[in-house]
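[1] sequence first, then the predicted structure:
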Amino acid sequence: MDIFIDPLSTSDFEALFEFEHTNRDFFEQMVPGRGDDYYVRNIFIKRNQALLAEQNQGLSYFYLIKDRDGQILGRINVVDINQKLGSGHIGYRVGKINTGKGIATRALKLLLDAAGTMGIERLEAKTTNDNIGSQKVLIANGFSRISTKDEALGDGRVLSFHYYRWISETIGRI
């Protein structure tokens with residue numbers, strides 16, 4: 001399957017709302033939920049408008065992973081960008097029907113290929129210890145595991161997270 005990453009825009013909000021709603025239960029099996037409010041259409045749109053404002057300021061980049069027909073397969077984001085350090089944090093998610101097809105691995109590669117144009121030389125990521133698929137995606141794209149920590153969630157659960165780091169190959173060549 002041929003994929004591309006497309007910057008989030010207001011024209012995607014309705015399709016993205018459906019994607020998130022359809023995959024909610026699947027996503028919440030692996031990562032902490034976003035809360036019920038996230039799935040109320042007008043709140044969802046306001047939150048995504050705020051993301052676009054962040055993106056316009058260069059604080060974050062939000063992409064949709066799409067197939068050649070423009071269908072949303074997932075999301076991939078760079079957040080908490082520190083322009084002085086050239087660093088940020090990544091997150092991604094692929095819808096249930098498209099897992100296991102290499103989509104997240106290819107989307108992350110596309111994002112890393114574009115990292116220099118964003119001024120990014122270092123990326124951090126975290127995933128739960130039982131999300132083996134996500135760990136494989138990170139390792140396949142040159143991330144190194146740097147630590148593991150248990151974290152308490154707001155609902156009283158404690159999850160163990162693996163932390164990863166990627167450093168651009170160009171840093172050593174300058």
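    Everything's here; your move.
[2] other SSEs contacting the strand or helix carrying Leu159?
    Element membership for Leu159, per DSSP states H and E: strand 158-167. Packing contacts for strand 158-167, counted by 3 or more C-beta pairs under 8 Å, 6 or more residues apart in numbering; DSSP states H and E, involve strand 122-128, helix 132-140, strand 144-152. For every residue, glycine as well, the C-beta is placed using N, CA and C.
[3] in CSV, list the ones you listed along with distance to Lys96 and mean pLDDT.
    Putting the helices and strands packed on strand 158-167 into CSV (distance: least, C-beta to C-beta, whole Å; pLDDT from 0 to 100) gives the following:
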stretch, distance to Lys96, mean pLDDT
strand 122-128, 17, 94
helix 132-140, 12, 95
strand 144-152, 25, 91
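[4] quick one: contacts for the residue nearest to Leu112 when sequence neighbours are not counted?
    In space, not counting the residues next to it along the chain, Leu112 is nearest to Asn141; the distance is 6.0 Å by C-beta to C-beta, 6 or more residues apart in numbering. Contact criterion C-beta atoms under 8 Å, 6 or more residues apart in numbering gives Thr105, Leu108, Lys109, Leu112, Trp166 as the residues in contact with Asn141.
[5] do I have it right that the last one meets Ile120?
    To tie it back to what came earlier, the one meant is Trp166. No: at 9.3 Å, Trp166 does not count as touching Ile120 under the criterion of C-beta atoms under 8 Å.
[6] just name the most buried of the helices and strands packed on strand 158-167.
    Mean neighbour count (mean count of other C-beta atoms under 10 Å) peaks for strand 122-128 among the helices and strands packed on strand 158-167, with a mean of 20.
[7] other residues contacting that one?
    Under the criterion C-beta under 8 Å, 6+ apart, residues 30-31, 78, 85-91, 112, 115, 134-135, 138, 143, 159-168, 171 lie in contact with strand 122-128.
[8] on that earlier part again, nearest to Phe19, out of the helices and strands packed on strand 158-167?
    With C-beta to C-beta, the closest approach to Phe19 among the helices and strands packed on strand 158-167 belongs to helix 132-140: 18.1 Å.
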